[in-house]
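Student: return atomic coordinates for the entry below.
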Amino acid sequence: MPPPSADAPLILWFRRDLRLSDHPMLTAAVATGRPLIPVFLLDPETEAIGAAAKWRLGLSLADLSARLAARGARLILRRGPALAVLEALIAETGAAGVMWSRGYDGAGRARDSAVKAALRARGLIADSHPGFLLHEPWTVQTGQGGYYRVYTPYWNAVKDRPVAAALPAPHAWPAPAEWPGSDRLEDWHLGAAMRRGAAVCLTWQRVGEAAAQDRLAAFLADKIGPYREARDFPARDATSGLSENLTYGEISPRQIWHAGFRAMQEGAGGAQHFLKELVWREFAWHLMFHVPNLARDNWRPEWDGFPWRGDNEDAEAWRRGQTGEPLVDAALREMYVTGTMHNRARMVAASYLTKHLLTDWRVGLAWFADCLTDWDPAANAMGWQWVAGSGPDAAPYFRIFNPAGQAEKFDPGAQYRRRFVAELSAAPGETAQSWFRAVPRAWGLDPRAPYPAPRIGLAAGRARALDAYAGLKADTPREGLE
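Tutor: Below you'll find the model as predicted:
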């Protein structure tokens, strides 16, 4: 077929990059001089994400659509398999091809490779660009040429590595002569699975590019100095909150890196640790790129023989914030009310499920994937395997977080627990009570009911977990555990 004309438009396939600033794909597209048609596809891979993430995605799409409209552009929404929808759009618009920002999960890479091969076979533009990470996963290698399996050496490999400067947003949008038709966002019903929980969760969201930049500025102004120590106390407003915005690409990791790096050079005490947390996310994606089954299989194959339970009644009580362990229950309720969970609380909640309740880490991973608005598939997978003991950089299995001890140390005044567990207060606050309005009615939870008794004694749960671990070691060749 003849090559497309010089003035044929380009389709810009937006995914986890819902912003206009520091957008390599967008910058490259503008440089072509062609008219640009921004598109978001609700393809099967996107349809498969959890309830909270899909709902939050809809909020981000609405924000990006408004930002594009202010520049005289439109965000075109289409639904269906990526290749079929893109080919239909190309036929409809006479587009010269498609550009997009890379993804790094297995299913997304397979989809993107198929799209690229099919379009290029027709002589069309099919270009992918960076933008989701600081460093492309294949560019960070060990001295032996492999990928990093441990975080600290990975950090040492990238901490002094140059990071490209952030790019400005385009000043003008070269629009096509005629815009193609678009689905209506409201017709996608992205929040349907949230049901009544959406109204409660909405007040906690900070949506879009402007909100993300404001969050970063506020963190740098007031919180970055004491960040390293203060971040472990869940009752304190001590973290950036940017995981929500990073998830949808409302801010780029490069923008955060350069801001944090400047703060470190200016002497902010917590800045380096903040950068290390950003690189922890980077490391998770480095691993998922090289090990696509990270969210499905034990990283350490010897753990395939560990006697974790599948889904069970204890796990259901855990999901419902009804374990009788206040810090664990506060964490699960925080997630249901706000869409996020404090990182210290995540570790305690995950440890309690996998160790005290001896439940498979994949049960917890699936619940987080359904309930987190800042759900990140790589960080979620690595975090669960890290706590469970089966994963890369894993905490030793005998390191079992004691919820009571963790509460005494990191929530000494019980502010966090009372904020989210209504039964712990004679006069619970609005946040704690809102949880009962957010959860499914089918759970039959009554705010007047007494707080449940613990599912298992902490000492008994720890002993049971250690006995199971001892059995695994006895059945596993020594070299498998080294």
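Student: could you find the closest non-adjacent residue to the spatially most central residue of the chain?
Tutor: The residue lying closest to the centre of the chain (C-alpha atoms, centre = their mean) is residue 376, at 2.0 Å. Take residue 376 and drop its neighbours on the chain: the residue closest to it by C-beta to C-beta, 6 or more residues apart in numbering is residue 247, 5.6 Å away. All C-beta spots, glycine's among them, are computed from the backbone N, C-alpha and C.
Student: for residue 12, what are phi and psi?
Tutor: phi -110, psi 110 (degrees, to the nearest 10).
Student: surely it and residue 28 touch.
Tutor: No. Assessed by C-beta atoms under 8 Å, residue 12 is found out of contact with residue 28, at 9.8 Å.
Student: where does the prediction get shaky in the stretch 251-400 of the chain?
Tutor: Low-confidence segments of the stretch 251-400 of the chain, defined by pLDDT under 70: 394-398.
Student: measure the spatially closest residue to residue 20 that is not a sequence neighbour to residue 28 for me?
Tutor: Distances taken as C-beta to C-beta, 6+ apart place residue 169 nearest to residue 20, at 4.0 Å, with adjacent residues excluded. The spacing between residue 169 and residue 28, counted by C-beta to C-beta, to the nearest Å, is 14 Å.
Student: same check on residue 202?
Tutor: Taken as C-beta to C-beta, the span from residue 202 to residue 28 is 35 Å.
Student: got it, and residue 192?
Tutor: Counting by C-beta to C-beta, the gap from residue 192 to residue 28 is 36 Å.
Student: more neighbours, the two?
Tutor: residue 28 (15 against 11; other C-beta atoms under 10 Å).
Student: what residues does the more buried one make contact with?
Tutor: Neighbouring residues of residue 28 by C-beta atoms under 8 Å, 6 or more residues apart in numbering: 99, 127, 129.
Student: shared neighbours of residue 12 and residue 28, which are they?
Tutor: Common neighbours of residue 12 and residue 28 (criterion: C-beta under 8 Å, 6+ apart): residue 99.
Student: what's the span of stretch 194-214 from first residue to last?
Tutor: Distance between the two ends of stretch 194-214: 27 Å, counting by C-alpha to C-alpha, to the nearest Å.
Student: which parts of it are buried?
Tutor: Buried residues in stretch 194-214, counted by 16 or more other C-beta atoms under 10 Å: 194, 197-198, 200-201, 204-205, 207-209, 211-213.
Student: which parts of the stretch 51-200 of the chain are strands?
Tutor: 76-79, 97-101, 125-129 (DSSP state E, counting those that start in this stretch).
Student: contacts for the last one, please.
Tutor: Outside of strand 125-129, the residues within contact range by C-beta under 8 Å, 6+ apart are 4, 10, 24-25, 28, 96-102, 112, 115-116, 118-120.
Student: average pLDDT across that strand?
Tutor: Average pLDDT, strand 125-129: 98.
Student: just want the angle from it to strand 97-101.
Tutor: When axes from the mean of the first three to the mean of the last three C-alpha atoms, to 10 degrees is applied, the directions of strand 125-129 and strand 97-101 differ by 10 degrees.
Student: number of nearby residues for the closest residue to residue 370 other than its chain neighbours?
Tutor: In this structure, residue 370 finds its nearest non-sequential neighbour in residue 50, 3.8 Å apart by C-beta to C-beta, 6+ apart. Using other C-beta under 10 Å, the number of residues around residue 50 comes to 20.
Student: enumerate every residue touching residue 50.
Tutor: 369-372, 375.
Student: look up how far residue 347 lies from residue 433.
Tutor: The value you get for residue 433 to residue 347, if C-beta to C-beta is used, is 27 Å.
Student: of those two, who's got more company?
Tutor: A count of neighbours by other C-beta under 10 Å puts residue 347 above the other of residue 433 and residue 347, at 19 against 13.
Student: give me the residues contacting the host helix or strand of that one.
Tutor: Applying DSSP states H and E as the criterion places residue 347 in helix 343-351. For helix 343-351, contacts defined as C-beta under 8 Å, 6+ apart pick out 231-234, 239, 318, 327-328, 330-332, 334, 341, 361, 364, 368, 383-384, 387-388, 400-401, 403, 406, 410, 416.
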